[in-house]
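Engineer: Give me the fold of what follows.
(one chain, ligands or ions: 1)
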Amino acid sequence: MTADTSAARLTPQRIWRALLHRLPGSEHRRRQAWLWHEYRAFAQQQRKHMFMSTARFLHINRPVPGYYFEFGCHSANTIRLAFDSYRWLFDFTYVGFDSFEGLPEIGAIDRQAIWEKGKLATEEDDFIRRCLRHGIPHDRLLTVRGFYDKSLTPELAARLKPTKAAVIYVDCDLYESTVPVLAFVKDFLQPGTILVFDDWNCFLADPERGERRAFREFRAANPALQFQEFVSTDMQKSFVYTGTLS
Ligand SMILES: C[S@@+](CC[C@H](N)C(=O)[O-])C[C@H]1O[C@@H](n2cnc3c(N)ncnc32)[C@H](O)[C@@H]1O
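Structural biologist: Below is the predicted model of the structure:
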């Protein structure tokens with residue numbers, strides 16, 4: 001049996017319909033405008049709220065010095081929001097950890113329509129260029145390239161120590177990506193470190209999947225580490241590390 005490729009064929013009718021879509025005032029144009037000015041703007045406001053809340057917490061409870069760690073960097077959207085929220089208050093060093101090749105192979109536990117191997121890829125150079133253009137100082141920006149199960153090594157931890165993390169932003173979507181991230185950041189926690197999960201409500205907020213599951217397992221494996229719930233938004237959730245049980 002041969003596959004039906006008619007959906008991909010450019011017929012005059014399809015071209016005509018595409019042109020109509022692009023006319024000012026068309027449904028298509030109005031939808032695009034709504035997606036940009038309302039829907040995406042809403043998501044940005046939620047993230048800004050999260051970053052500004054962390055800034056206020058860290059400023060009022062100063063000093064909590066250290067790194068801003070971001071796991072999942074893609075288009076440099078969140079790292080720029082982080083910098084906008086922190087630049088006048090703190091001298092953080094910003095560390096972006098990413099494959100810079102997009103998502104890894106999607107394992108069975110992480111299957112969901114929106115995730116695909118290679119999706120959300122941004123070149124490392126492009127990411128760095130966006131950060132620098134935004135004003136993040138060159139000497140306070142580091143990138144760590146590679147898939148986390150390979151890149152987050154004890155040697156890397158030794159190079160980044162003894163400085164701890166002030167904020168850890170986990171935006172790598174998948175359970176299998178979050179597990180090595182949490183194992184790695186354990187040594188960088190200090191009282192006051194804020195741990196933010198950008199994708200807490202992915203996978204229909206199922207506690208058996210995604211970042212929720214990874215964090216639950218991490219806490220079960222490290223019962224002495226204490227966390228208090230902090231700010232939540234529509235999709236994100238954050239926690240403050242308060243130290244170990246004595
Ligand atoms: C949703 S995007 C991050 C969006 C980003 N914070 C922004 O503001 O543009 C997810 C990112 O996580 C990265 N990622 C996911 N799993 C990974 C893994 N196991 N190792 C390395 N990078 C991973 C992808 O390459 C992608 O850049």
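Engineer: distance of the most centrally placed residue in the chain from the ligand?
Structural biologist: The centroid of the chain falls nearest to Asp171 when counting by C-alpha atoms, centre = their mean (2.2 Å). Noted for Asp171: a distance of 4 Å to the ligand, by C-beta to the nearest ligand atom, to the nearest Å. Every C-beta, even on glycine, is put in place using the N, C-alpha and C of the backbone.
Engineer: what sits against that residue?
Structural biologist: 70-74, 78, 198-199 (C-beta atoms under 8 Å, 6 or more residues apart in numbering).
Engineer: Return the subset of those residues lying in helices.
Structural biologist: Using DSSP state H, the members of these that fall in helices are Thr78.
Engineer: among the contacts of Asp171, who's most crowded?
Structural biologist: Ranked by neighbour count (other C-beta atoms under 10 Å), the contacts of Asp171 have Cys73 at the top, with 28 neighbours.
Engineer: ok now the helix or strand of the chain with the lowest mean pLDDT, how far from the chain's centre?
Structural biologist: Counting by mean pLDDT, DSSP states H and E, the chain has its least confident helix or strand at helix 12-21, which shows a mean of 80. Centroid separation for helix 12-21 versus its chain: 37 Å, with C-alpha atoms, centre = their mean, to the nearest Å.
Engineer: I'd like the distance between Tyr67 and Ala221.
Structural biologist: Tyr67 is 23 Å from Ala221, where distance means C-beta to C-beta, to the nearest Å.
Engineer: Between those two, which has more neighbouring residues?
Structural biologist: More crowded of Tyr67 and Ala221, by other C-beta under 10 Å: Tyr67, with 21 against 11.
Engineer: Hmm, the more buried one is touching Thr163, no?
Structural biologist: Yes. With contact defined as C-beta atoms under 8 Å, Tyr67 reaches Thr163; the gap is 6.0 Å.
Engineer: Now list whatever residues contact both of the two.
Structural biologist: With contacts taken as C-beta under 8 Å, 6+ apart, Tyr67 and Thr163 have 93, 188 as neighbours in common.
Engineer: Let's have the contacts of Asp171 in a markdown table, adding pLDDT and distance to Pro180.
Structural biologist: Output for the contacts of Asp171, formatted as a markdown table (pLDDT from 0 to 100; distance: C-beta to C-beta, whole Å):
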| residue | pLDDT | distance to Pro180 |
| --- | --- | --- |
| Glu70 | 98 | 15 |
| Phe71 | 98 | 9 |
| Gly72 | 98 | 13 |
| Cys73 | 97 | 16 |
| His74 | 96 | 18 |
| Thr78 | 98 | 20 |
| Asp198 | 98 | 17 |
| Asp199 | 96 | 16 |
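Engineer: Of the contacts of Asp171, which pair is most distant in space?
Structural biologist: Cys73 and Asp199 (14.2 Å; C-beta to C-beta).
Engineer: and the longest helix along the chain, what other elements does it pack with?
Structural biologist: For the chain, the longest helix by residue count, based on DSSP H, is helix 41-60. For helix 41-60, the packing partners by 3 or more C-beta pairs under 8 Å, 6 or more residues apart in numbering; DSSP states H and E come out as helix 77-86, strand 165-170, strand 194-197, strand 225-232, strand 237-244.
Engineer: Any buried residues in it, and which?
Structural biologist: Burial within helix 41-60, assessed by neighbour count using 16 or more other C-beta atoms under 10 Å, is assigned to 47, 50-51, 53-55, 57-58.
Engineer: Same check on stretch 86-103?
Structural biologist: Under 16+ other C-beta under 10 Å, the buried positions of stretch 86-103 are 86-87, 90, 92-101, 103.
Engineer: go on, stretch 153-162?
Structural biologist: Leu160.
Engineer: so where is this protein shaky, pLDDT-wise?
Structural biologist: By pLDDT under 70, the low-scoring segments of the chain are 1-8.
Engineer: Does stretch 104-111 reach the ligand?
Structural biologist: Yes. Stretch 104-111 reaches the ligand (C-beta under 6 Å from any ligand atom) through Pro104.
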